[in-house]
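Colleague: Sequence isn't available, so here's the structure alone:
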């Protein structure tokens, strides 16, 4: 009785905080989709103010009281209640380490830094963004001092996105991943088969692309009554609870795949958020298990599903209705074009195989930067050097090099590895899915994706952040994260496409 | 020295409150333009929470302290400081009368009531909206008891939008207005001249309408770098400071004028807000002098300017570029079609002449309703009866009758008179403008509206809420509000168009 009362009290407090967080989230979304250019600076101040209020709520002595009052009841608690308390405690202890004024100043900086990044990218000039980035990096370094660290300062940031992740673990995983990718890539280079994707370039009307994107989004299971699709420079997903999940994409009229696969990618994030249990409202757990698990869902929809032969066989006749250009394209041609491998400059447009190398480059750069072994001034040269070395390509300008991603502008250092880990988690889940449902990809050919989405809903989405990523992957697949599934998946898929081995 | 310090302290406090109000405003805007259908209820709770926080700030003992501390310095204060203090005191005293829980419950009710109104309008069924409206009216009646009243309960609501306005004053003004309108209307009925506006109906592509709306908006002086134009069921304007002013409109593909003139109308509101002095930030005065003064600007741009012969002569060749249908239309035909008089059902689409009658109907109904002389159940019959009596038309369904306006859904009783007063203020200002610049309408023919907008900027917009409406109209025109200017304007314009007298 007492426990229930205390839990309700906590939930009501967290519910208030969630409302504030939703308002903040809406302002962020608006800044990236709608805000008039002259309003950026003053809106940043609104964000600062509200973030300060949010910070106050989450570091308030009330929270310490909740923790103190509830801890003795841990054994009587349900799983959700226990995890709610754990998350609260972890979050409280971490957040409290940062002084409020630092945090508020940082929030203000980030929104201005994001606007500067956009401007710099438009102008193709890293110098516009550089002073902001320098400040963001300084803040991050200062925060790490507050948070503390053991061996590697970068570990502290990795842990924010993937609980317990370290450079030691990641070095090992990424080395296995790199070797696997290079093995496949080298085989492909030897292949005599030449793929064609010329028909993916031409003129693709943005309005038609939008209609197709919306159509496919609903098809894969995104609920448009609980979400939206808009346009922004850098596609992203944000949500306010599970009934308002907002995706963005970006239409390029000169080619076919970019917007569509961005949409499907963000759709994967969106389907995750929309299907988290209502029971997790006001618990702090109504969110993904980790960013890598989140990316496992988006990259699953984008690649494992979206670029599968089954899905291509469904997509092609639909695409033909929108774009005459595909009139004479065969399924094999379409499937091969979707999976054309080429080392390239832009991460978000990279093929599924070489994508991991883009991440490894960023991971290595971030490690150096955060540990103070290189400065922001040296970033660009290092970036270009690594692209040359790993991918054999060199950016002709800042926009297609160092400025291509928005992540650093809001200080998301430590986030990039989530994408690659997401590929690994996703392939491992896919392996289990196929074992449990050997014929499930047959259904995809007919555009029937319900079974797959249902499986993911039940196994992953529904549980929100009840389980840690480690617990979740074990529950879903029976074993811990293992890069072999992704590498096997790559070999299996690309050897066939390129007619090798 | 001490005064400056205290003023700065107050400004900083009001600045924080403004930030909260901006977040609330953005949520409102989003609810009317973007929100996915399933998210309405949960967003209403976010609004409730933030409105409660805003209420706390504005009724906090801190405000009482500010007032107590600052009042002794009144004689040393600048005009802005003095007005800031007066507004603070008035607002504090009024707001404090309402218990916080009532206020918060009311905010929640209103957002749900708005959604119900939208649903009801879509479904063409007043019954869906009725239970919400009943509750909104009950709240308003309760609030009036808290606020207090002298002779007429409705006076208390009128005063919210136009300081010092009473039914006694308004009965007199509206009786003069009605007589004037009817005099012109009767003359027109006798006229043998038949106007043609058939060419305004047909097919007008929504995207083209949007392009034209945006073009004209910039032409009249709306700054797109400090604002936006979106779509909503009921066009409205909202703003977050003077650098983010958002308008909405609603495109109907079967006719030409509705969206364009809605845009120009909202553009008038928007130009007002964009040009309020930066110096009024954080003073509580960075807003219009009153809702009627606000409407004077929107209706000035929409009608006095937008439907003038000069503007039509500029607009026609532009419109021809967008729509072939106008190829053979002459300026006289175009001008006459824009000013076609016909008693009709929908207020927002009414012509400039009969518009006032729509307002008078609403005014009379609201008076009865708020004083408890009729109930919500009787509204529809009374509405239909009055439309028959005043305008000779009868709604065939709820959507074109009682459900056409959103105002009652969020409890804006007492607002409607602002539109008619706006017409009067606007015509009186126009009279002065012409006296001071006899040739100004010549410039309009060439699409040069800068001089007019500059005049309004200087005389009206810049001052925000520094002056009361009474003070402002005296400053601008040298005398108090006088309906004769509008009635003379109507006679002068419509007798010519209809070839009478």
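Modeller: Yes, it's here. Everything numeric in this text was worked out from a predicted model, so none of it was measured. Residues are numbered from 1 along each chain as shown, chains lettered A, B, ... in the order given.

Colleague: residues contacting the closest residue to chain B within the stretch 1-150 of chain A?
Modeller: Chain B sits closest to residue A:39 of the stretch 1-150 of chain A, with a gap of 3.6 Å, by C-beta to the nearest C-beta. C-beta coordinates here come from the backbone N, C-alpha and C atoms, glycine included. By C-beta atoms under 8 Å, 6 or more residues apart in numbering or on different chains, residue A:39 lies in contact with B:226, B:240-241, B:243-244.

Colleague: near chain A too, which of those residues?
Modeller: Residues of those in contact with chain A (C-beta under 8 Å from any C-beta of the partner chain): B:226, B:240-241, B:243-244.

Colleague: Around residue A:380, count how many other residues there are.
Modeller: Counted by other C-beta atoms under 10 Å in any protein chain shown, the residues lying close to residue A:380 total 17.

Colleague: quick one on the thing from earlier: can you flag which of the ones next to chain A among the contacts of residue A:39 belong to helices?
Modeller: Of the ones next to chain A among the contacts of residue A:39, none are assigned to helices by DSSP state H.

Colleague: pLDDT and neighbour count for the residues you listed - can I get that in JSON lines?
Modeller: Formatted as JSON lines, the ones next to chain A among the contacts of residue A:39 follow (pLDDT from 0 to 100; neighbours: other C-beta atoms under 10 Å in any protein chain shown):
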{"residue": "B:226", "pLDDT": "98", "neighbour count": "20"}
{"residue": "B:240", "pLDDT": "96", "neighbour count": "26"}
{"residue": "B:241", "pLDDT": "95", "neighbour count": "24"}
{"residue": "B:243", "pLDDT": "97", "neighbour count": "22"}
{"residue": "B:244", "pLDDT": "98", "neighbour count": "27"}
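
Colleague: Which members of these are the farthest-apart pair?
Modeller: Greatest spatial distance in those: B:226 and B:240, 10.5 Å, computed using C-beta to C-beta.

Colleague: In contact with residue A:209, which residues?
Modeller: Residue A:209 is in contact with A:251, A:253, A:256, A:259-260, A:322, counting by C-beta under 8 Å, 6+ apart.

Colleague: let's see 6 Å
Modeller: Applying C-beta atoms under 6 Å, 6 or more residues apart in numbering or on different chains, we find residue A:209 in contact with A:251, A:259.

Colleague: all helices for the stretch 251-400 of chain A, in order.
Modeller: For the stretch 251-400 of chain A, the helices defined by DSSP state H, counting those that start in this stretch cover A:257-274, A:291-299, A:309-322, A:331-338, A:355-370, A:376-386.

Colleague: now the last one: mean pLDDT?
Modeller: Translated: helix A:376-386. Averaging pLDDT along helix A:376-386 gives 97.

Colleague: Downstream of it, the next helix or strand is which one?
Modeller: The helix or strand immediately downstream of helix A:376-386 is helix A:417-436, counting by DSSP states H and E.

Colleague: following that following helix, which helix or strand comes up?
Modeller: Downstream of helix A:417-436, the first helix or strand assigned by DSSP H and E is helix A:440-445.

Colleague: helices and strands around whatever helix or strand comes next after that next one, which ones?
Modeller: Where DSSP H and E defines the elements, the next helix or strand beyond helix A:440-445 is helix A:450-459. Contacting helix A:450-459 under the criterion 3 or more C-beta pairs under 6 Å, 6 or more residues apart in numbering or on different chains; DSSP states H and E is no other helix or strand.

Colleague: Please identify the buried residues of helix A:450-459?
Modeller: For helix A:450-459, burial by neighbour count (16 or more other C-beta atoms under 10 Å in any protein chain shown) applies to A:452-453, A:455-457, A:459.
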